[in-house]
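Novice: below are the sequence and a predicted model for it; my questions follow.
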Amino acid sequence: MSMIGLAADSAVLIAERRHNKLGRSVYSGRSRVALERNIMAFRSSNWIIVLSGFVEPIFYLLAFGFGIGKLIGGVTDGDGNPVSYAAFIAPALLATSAMNGAIYDSTWNVFFKMHFAKLYETMLATSLGPLDVAIGEIGWALLRGFVYALGFMAVMAPLGLIPSWWALLAIPGAVLIAFGFASFGMAITSYLKTFHQMNWINFFMLPMFLFSGTFYPLDIYPGWIQALIQAMPLWHAIELERAFMLGNLSWGLLGHVIYFLVMIVAGLFFTTRRLTALFMK
Amino acid sequence: MIIARGLTKTYGEFTAVDGIDFEVRKGEAFGLLGPNGAGKSTTMKMIASVSKRTGGELTILGLDPNKRGPEIRAHLGVVPQQDNLDRELKVHENLYVYGRFFGLGRKFLKAKVEELLEFAQLTEKRNAKAEELSGGMKRRLTIARGLVNEPEILMLDEPTTGLDPQARHILWDRLFRLKEQGVTLVITTHYMDEAEQLCDRLIVMDKGKIMAEGSPADLIKRYASKEVLEVRFGSSKNVEIAEQISHLGERLEVLPDRILVYSENGEADLQEILKLGLEPVTSLVRRSSLEDVFLRLTGRTLVE
Amino acid sequence: MSSATPIEKSVHASEWQGSLKIVDVARARNLAWLHVAEARIRNMLKWWTSIAAFSLGNPVLYLFSVGIGIGALVDANGGSTQLGGVNYLTFLAPALLASAAIQSFQEEMSFPIMEGFEWDKSFFAMNSTPINGRDIVNGLVASSFFKTAITVGIYEAVLLGFGAIDLNVALPMFLSALFAGVAFGSVMMAVTSYIKNDDGFFAIIGRFVIAPMIMFSGTYYPLESMPFYLQWVGWISPLWHGTDLGRVISYGSPQQGWIVISHWIYLATWLVVGLTLAYRQVSKRLAA
Ligand SMILES: Nc1ncnc2c1ncn2[C@@H]1O[C@H](COP(=O)(O)OP(=O)(O)O)[C@@H](O)[C@H]1O
Ligand SMILES: [Mg+2]
């Protein structure tokens, strides 16, 4: 049994290979192994629960889109075209699915791993860096958001809620949205210390879900409330997905994309910074 | 392997490690002995390059942890004070994933995991979830995990605290094997018997400072007598009686529950006490230990 | 090294008089459920800020977004003909009240029971005093009732503020919502008391039982507007019975007398069955 006597591909060689590269103290180029860990944990977890996370928006779609939809008839979308009420809220619920999937993992699960499982402490005691951990975890959360969005779309199709090929753009759209929420969610979570504070995330998510133009156009609100809502990420997500799904493409959509790109970068930056401060001080 | 000069760590106003000097040589088992709060874990974390020192010098394998953290960590195996196994993963997955964190290849790890499972006597438990293991098994798994990158230095923070005697002995046996194979061990403990069993050399720490340094036998020779007589008279009488027998031995320590008489011949001193007409509730003559060294240095016991 | 001192022990033994003097067993037995409830309420008080914030925040959010926002669309499109002539907000209010009561009970009857049996084992600690399983069930129902009453009370105050209900029906609506809550809660308690480890059980319940119950019990639209083959969801759901009762009370929603009576009977059945099963299982599990 060879306990010492270094193997050819030893950890040391791997670490040294990077030692002149930029950012080597925060990044070792191995975020995929953090992802690998999550896949392993997922395999032996109760995965039905993880996968079924997208049913809630589906219930909303059925109850609100078809139930309340019967009371309403149709509405007009952002471009002034008439659409059925179900077709109006479906893209919003798609965006919400992507958000939910990303947020479940990047908030509660991250909080648990950080404070109870001490997972990040363990990971950072190896030659992994905080940016590896951040990307790995956010990547996993993003994957979940993506899967939820796909699941939701699979339900929309037979209900006749996918009117054109443009709707396919909603899939990369969902990835962007999930990435943004995962990144931002993990950054926020990394700064929170108690379960109590974590509850406030829900407290923020519910109104965002209810008011971001999800169920009716924003114009029933006074100007200042509209402005407030338009500052929220979910509003941008919904606008983007609604435009894709209903085929209302325009350059203005780039604004929403940029909003999410900023969210992603800021989230990664603050997560890395916070992990460094917490576990490598 | 490790050189510390004036190593200091402060948390705000509070100084957890207060300018300590020590050296760890290749292949030895080096101990940090001290009570809770002495600064042992803090020192370990600085060596493990996850906690930045606030003062002094520290080099590990000739590298500065502030600049070369990832490389140093690649050389180390870390067993933290609290097991932080991945509760969501199975036993063998814990080893595998940890190896992946170092960037080790899948093929290499497959063989390595089997080897480590055997070493930790956990082959039969390979498919159990980590949270289902007993305390001793968890500890062995954490140690095995620390070996996955074939480290040159294995850092163990209180490896046997909270384990039953049998589990401790199994663990000591495993650590001996590692030492025989040439792995450098750095061990913290507040058990003197553990320090005596495992360490070639140790430093005694208290309140962030080093109180003494040397081999266990060396320290006992320097700071304690050959034998110790322990007598109990009941908690209310100890102090009073201590004055009557203060002429005995080389030195006397009065603890809340007992009196310790340090001497060359404990049995003879006990006879003296009986001759004075005093009747201890219990009495015991034993060889002196690191506990006595610590008591001598600080006036306090290690485990309170 | 820690040789015991027999002398000291015997001193204690001679002083030991037993607890018979300070514990009045009969009294402890009679009020046992109250002590359980008190312990639980003390625990809740630690979180009173978030309980208050959620109790107030939820109705405000739903009333603004669904009641007023979606309500505006419904009312503008002549939906009220399908709602028996009332506006959407009035139609919605009794449903929101009943679902608030049910959700409050659901919360209290899930994790706190797991905690008592598995996590901090406080039920076993209680059971080692004169308190028995029945007392624990009664105490938890009482404390949940207390919390739900506050939540529902706040909810009603908000509904009054929005003009969604009339003051003169506030008390009967309060009682019918609480009744639906406690009926559901006692069954939920019985179910939880069988659960050995969480393992996502509550996530599943929340996702596949509670959420569809709220969505498809005639909460947001009349049950009759669902396809007939799906209406059974409402018939078995305590929420629908509570909601329909609330609508009759609130704005005199036309309903046949026997249906109104059957609402009460149905909910009472849930209550009795739930409590009976809970008494049995909780006592059994404590003794195991
Ligand atoms: N992150 C921290 N922030 C503030 N104080 C700390 C921190 N970590 C340790 N300490 C303090 O430093 C002292 C030494 O702690 P530690 O190194 O854990 O001692 P030991 O391992 O010897 O028991 C203790 O008084 C502890 O409270
Ligand atoms: Mg320590």
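Specialist: Structure received. Note that the structure is predicted; figures quoted are calculated from it, not measured. Ligands and ions are numbered 1, 2, ... in the order given.

Novice: any stretches of the stretch 1-150 of chain C with poor pLDDT?
Specialist: C:1-23 (pLDDT under 70).

Novice: which stretches of it form helices?
Specialist: Using DSSP state H, counting those that start in this stretch, the helices of the stretch 1-150 of chain C run over C:6-15, C:25-30, C:32-45, C:48-62, C:71-76, C:88-108, C:111-114, C:122-127, C:133-161.

Novice: just name the most buried of the ones you listed.
Specialist: Mean neighbour count (mean count of other Cβ atoms under 10 Å in any protein chain shown) peaks for helix C:88-108 among the helices of the stretch 1-150 of chain C, with a mean of 26. All C-beta atoms are positioned from the backbone trio N, CA, C, and that covers glycine.

Novice: all helices for the stretch 151-300 of chain B, in order.
Specialist: B:165-180, B:192-198, B:216-223, B:238-244, B:266-275, B:290-298.

Novice: okay, these in CSV with distance to ligand 1 and mean pLDDT next?
Specialist: Below are the helices of the stretch 151-300 of chain B laid out as CSV (distance: least, Cβ to the nearest ligand atom, whole Å; pLDDT from 0 to 100):
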stretch, distance to ligand 1, mean pLDDT
helix B:165-180, 19, 89
helix B:192-198, 13, 85
helix B:216-223, 18, 84
helix B:238-244, 29, 77
helix B:266-275, 32, 82
helix B:290-298, 13, 80
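
Novice: for the residue of the stretch 101-250 of chain A found nearest ligand 1, helix, strand, or coil?
Specialist: Closest approach between the stretch 101-250 of chain A and ligand 1, counting by Cβ to the nearest ligand atom: residue A:121, at 11.8 Å. Assigned by DSSP: H, G, I helix; E, B strand; the rest coil, the conformation of residue A:121 is helix.

Novice: also residue A:83?
Specialist: strand.

Novice: which residues touch it?
Specialist: Residue A:83 sits next to A:74-77, A:246 when contact means Cβ atoms under 8 Å, 6 or more residues apart in numbering or on different chains.

Novice: on that earlier part again, correct me if wrong: the residue of the stretch 101-250 of chain A closest to ligand 1 contacts residue B:84.
Specialist: Yes. Residue A:121 sits in contact with residue B:84 when judged by Cβ atoms under 8 Å, with a separation of 6.1 Å.

Novice: returning to what we had before: okay, the helices of the stretch 151-300 of chain B in CSV with mean neighbour count and distance to chain C next?
Specialist: Below are the helices of the stretch 151-300 of chain B laid out as CSV (neighbours: other Cβ atoms under 10 Å in any protein chain shown; distance: least, Cβ to the nearest Cβ, whole Å):
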stretch, mean neighbour count, distance to chain C
helix B:165-180, 16, 14
helix B:192-198, 21, 12
helix B:216-223, 17, 17
helix B:238-244, 14, 12
helix B:266-275, 16, 14
helix B:290-298, 22, 9
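
Novice: between the ones you listed, which gets nearest to residue C:282?
Specialist: Across the helices of the stretch 151-300 of chain B, residue C:282 has its closest neighbour in helix B:165-180 (36.8 Å, Cβ to Cβ).

Novice: the closest one near chain A at all?
Specialist: Yes. Using Cβ under 8 Å from any Cβ of the partner chain, helix B:165-180 reaches chain A at residue B:178.

Novice: how far does that helix sit from its chain's centre?
Specialist: Distance of helix B:165-180 from its chain centroid, counting by Cα atoms, centre = their mean, to the nearest Å, is 13 Å.

Novice: again, but for stretch A:44-62
Specialist: With Cα atoms, centre = their mean, you get 15 Å for stretch A:44-62.

Novice: stretch B:191-211 too?
Specialist: 6 Å.

Novice: mind checking the end-to-end distance for that stretch?
Specialist: The first residue of stretch B:191-211 is 16 Å away from its last residue (Cα to Cα, to the nearest Å).

Novice: what about it, near ligand 2?
Specialist: No. If you take Cβ under 5 Å from the ion as the test, stretch B:191-211 misses ligand 2, and the best it gets is 10.5 Å.

Novice: so who does the nearest residue to residue C:32 once chain neighbours are set aside touch?
Specialist: Spatial nearest neighbour of residue C:32, excluding adjacent residues (Cβ to Cβ, 6 or more residues apart in numbering or on different chains): residue C:135 at 3.7 Å. By Cβ under 8 Å, 6+ apart, the contact list for residue C:135 reads C:32-33, C:35-36, C:126.

Novice: if we use 6 Å, what do you get?
Specialist: Residue C:135 makes contact with C:32-33, C:36, according to Cβ atoms under 6 Å, 6 or more residues apart in numbering or on different chains.

Novice: count the residues that sit near the nearest residue to residue A:60 once chain neighbours are set aside.
Specialist: Among residues not flanking residue A:60 along the chain, residue A:93 sits closest, at 5.6 Å (Cβ to Cβ, 6+ apart). For residue A:93, the neighbour count with other Cβ atoms under 10 Å in any protein chain shown is 29.

Novice: residue A:93 - that's part of a strand, no?
Specialist: No. Checked against three-state DSSP, residue A:93 lies outside a strand; its state is helix.
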